[in-house]
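Colleague: here is the input, now give the coordinates:
(4 chains)
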2 protein chains.
Amino acid sequence: MPRDADRAPTEADYLAAYDAEAFERPSVAVDVALISASEGALRVLLVERSEHPQRGRWALPGGFVAPNESLDEAAERVLAVKARLTGVFLEQLYTFGDPTRDPRTRVISVAYYALVDAATWDRAARDTEKLRVARLVVPWEGETGGPVEARDPDDRPLALAFDHEQILGMAVRRLRGKLDYAPIGFQLLPPQFTLRRLQDVHETILGRPLNKDSFRRRMLASGNLEATGEREECVGHRPAERYRIARRSAV
Amino acid sequence: MPRDADRAPTEADYLAAYDAEAFERPSVAVDVALISASEGALRVLLVERSEHPQRGRWALPGGFVAPNESLDEAAERVLAVKARLTGVFLEQLYTFGDPTRDPRTRVISVAYYALVDAATWDRAARDTEKLRVARLVVPWEGETGGPVEARDPDDRPLALAFDHEQILGMAVRRLRGKLDYAPIGFQLLPPQFTLRRLQDVHETILGRPLNKDSFRRRMLASGNLEATGEREECVGHRPAERYRIARRSAV
DNA sequence: ATACATATATGTTACTTGCATCTAAGGAGT
DNA sequence: ACTCCTTAGATGCAAGTAACATATATGTAT
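Modeller: Numbers count the residues shown, from 1 in each chain, chains lettered A, B, ... in the order given. Below is the predicted model:
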């Protein structure tokens, strides 16, 4: 694992490591994967790079961290500026700091992922210039961290800039891992939703079908759901009850 | 959630956010929580700060990220320089970037956690000057992210520097969360260990007793363990079989 | 040799999960 | 109005997994 394992660290290393001023400071950016689920696939908002470097490639919306804002605030700002979204589920994912990940200069990127329902996502994608829809093609064996492909609405593969494919792969894995024990599926749905829609979301994220009954039982037993008493309308069959996130649910 | 939710972002914000050169760049550091488990408690290595700021307080060993090293490499270097350890389990935890977390200047800290067996940890704590043992007192309800207390060998509470208490809290939560589905318990044990020792480790991390039989079954069924054929010696009772991490185990 | 302490095996019960079946409730076509 | 179709939602059962209790094995200490 450690590359320097053989070389015994010297006192000079120690000093060098601690003298912050001696180092050229890196830029720190946040990149946000705005994710939604619709029509059986995960979708993520990408922006086409019009400038060097990686011109023409697709990138996650991002921005440099301003001196007086926290990382969370920077991610919120990026989301507000680029996708006109505020108040959505937003969580830190991982920090990518390979020295060569940006050819210009050292840029350390703190990656975030945000979850919104499909309608919000569509609105964000429509309203915003320079942003384009991308569908994430998540490989079956993606559980293990295989590469995640992004495709445009015409199903053509998109070349992602920097290490953003890696970021998306980690976002998908994080979603899959948290789905079982954290109430995040709701975040991809509007405030009220039927159990079927929730199951669709879970199946999309996991990439495999789930048993309807045990899914229902598990969700209702979790205590995170609350029946609204309202029902779907004009659906051509028995209307399903609508649920919402229970107030006591730990988000 | 978003603090700037009310203020509509302007084009100036957008440009400002993207013009990296206009920003004073932050320092980026790594802080490493070197964790082990012994005598029923988690232990972490801390260094007493002899300089301003936070002089006299206890901090996680850390260092600034050098221009040509990745974040992982920086964490490995910190571990090698400060604890004389290489080749141990090391994983990124979270990145802390509150603008005021360091009173000197903006320092963004990428926190890591490392896991070693008790003997290695003791050796690291003994060999290294300026490093002191600390016992983590993990509250019962720590699952929810309650504060984590650190105490010295005489059980006196230690005042931690910066936001390092928060980092430790997140490390404990991460350990607890991963314990069920990732083979990390082994990392706190020597290469060979009995099932009882492994259970001790799990109970220490989770802070609650586990059922012996189902723990055995679960561990053996996971396929991550491999019997060595060797047994404990001079233990005053029936010696337990020793196990090791199975070769096919995904670490 | 015997007592003792712990490891390991066996068995019993409660709970969870997957699968199958059945009924409920709407719309659409006749 | 009636029947058909589709999906919602409830119920029952079998298989698998969990905790818990008990019994047996196997070493050291006396």
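Colleague: mind listing the strands whichever strand in chain A runs longest pairs with, and their directions?
Modeller: As far as residue count goes, and with DSSP state E defining each element, the longest strand of chain A is strand A:27-38. For strand A:27-38, sheet partners with direction are given as strand A:41-48 (antiparallel), strand A:62-64 (antiparallel), strand A:107-115 (parallel), following DSSP bridges.
Colleague: tabulate the ones you listed (a markdown table), appending distance to residue A:186, mean pLDDT and mean neighbour count.
Modeller: C-beta coordinates here come from the backbone N, C-alpha and C atoms, glycine included. Formatted as a markdown table, these follow (distance: least, Cβ to Cβ, whole Å; pLDDT from 0 to 100; neighbours: other Cβ atoms under 10 Å in any protein chain shown):
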| stretch | distance to residue A:186 | mean pLDDT | mean neighbour count |
| --- | --- | --- | --- |
| strand A:41-48 | 16 | 87 | 22 |
| strand A:62-64 | 26 | 93 | 24 |
| strand A:107-115 | 9 | 97 | 25 |
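Colleague: of all those, which lies closest to residue A:194?
Modeller: Residue A:194 lies closest to strand A:107-115 among those, at 18.5 Å (Cβ to Cβ).
Colleague: please state the offset of the closest one from the chain centre?
Modeller: Here strand A:107-115 is found 8 Å from its chain centre; the criterion is Cα atoms, centre = their mean, to the nearest Å.
Colleague: repeat that for stretch A:161-180.
Modeller: Shown here is stretch A:161-180, whose average C-alpha point lies 7 Å from the average C-alpha point of the whole chain (Cα atoms, centre = their mean).
Colleague: go on, stretch A:98-110?
Modeller: On the basis of Cα atoms, centre = their mean, stretch A:98-110 sits 20 Å off its chain's mean C-alpha point.
Colleague: for that stretch, give me every contacting residue.
Modeller: Residues from elsewhere that reach stretch A:98-110 (Cβ atoms under 8 Å, 6 or more residues apart in numbering or on different chains): A:24, A:26-31, A:52-53, A:62, A:65, A:71, A:74-75, A:92, A:95-97, A:162-163, A:167, B:20, B:28, B:65, B:67-71, B:95, B:97, B:108, B:110.
Colleague: kindly check the end-to-end length of that stretch for me.
Modeller: Taking Cα to Cα, to the nearest Å, the first and last residues of stretch A:98-110 lie 12 Å apart.
Colleague: so what's the most centrally placed residue in chain A up against?
Modeller: Nearest to the mean C-alpha position of chain A, by Cα atoms, centre = their mean, lies residue A:113 at 3.0 Å. Residues counted as contacts of residue A:113 (Cβ under 8 Å, 6+ apart) are A:32-35, A:90-91, A:93, A:171, A:174-175.
Colleague: and those, which is closest to residue A:150?
Modeller: The shortest separation between residue A:150 and any of the contacts of residue A:113 is 10.5 Å, and it belongs to residue A:33 (by Cβ to Cβ).
Colleague: test my guess that the closest one contacts residue A:116.
Modeller: No. The pair residue A:33 and residue A:116 does not pass the contact test of Cβ atoms under 8 Å, sitting 11.3 Å apart.
Colleague: please work out how many residues are found near residue A:49.
Modeller: When neighbours are defined as other Cβ atoms under 10 Å in any protein chain shown, residue A:49 has 16 of them.
Colleague: what sits against it?
Modeller: By Cβ under 8 Å, 6+ apart, the contact set of residue A:49 is A:55-59, A:161.
Colleague: go again with 10 Å.
Modeller: Under the criterion of Cβ atoms under 10 Å, 6 or more residues apart in numbering or on different chains, the contact list for residue A:49 reads A:55-59, A:130, A:161-162.
Colleague: show me the two of those residues that sit farthest apart.
Modeller: When the contacts of residue A:49 are compared pair by pair using Cβ to Cβ, the farthest-apart members prove to be A:130 and A:162, with a separation of 17.0 Å.
Colleague: which one's more surrounded, the two?
Modeller: Under the neighbour definition other Cβ under 10 Å, residue A:130 and residue A:162 were set side by side, and residue A:162 has more, 22 against 11.
Colleague: that one contacts residue A:60, correct?
Modeller: Yes. Between residue A:162 and residue A:60 there is a contact at 8.7 Å, judged by Cβ atoms under 10 Å.
Colleague: quick check: neighbours shared by those two?
Modeller: Between them, residue A:162 and residue A:60 have A:31, A:109 as joint contacts when contacts are counted by Cβ under 10 Å, 6+ apart.
Colleague: would you point out the helix or strand in chain A whose mean pLDDT is lowest?
Modeller: Taking all helices and strands of chain A together, the one with the lowest average confidence (mean pLDDT, DSSP states H and E) is helix A:11-18, at a mean of 45.
Colleague: what about the stretch 51-200 of chain A, any weak spots by pLDDT?
Modeller: Where the stretch 51-200 of chain A drops to pLDDT under 70, the residues are A:128-147.
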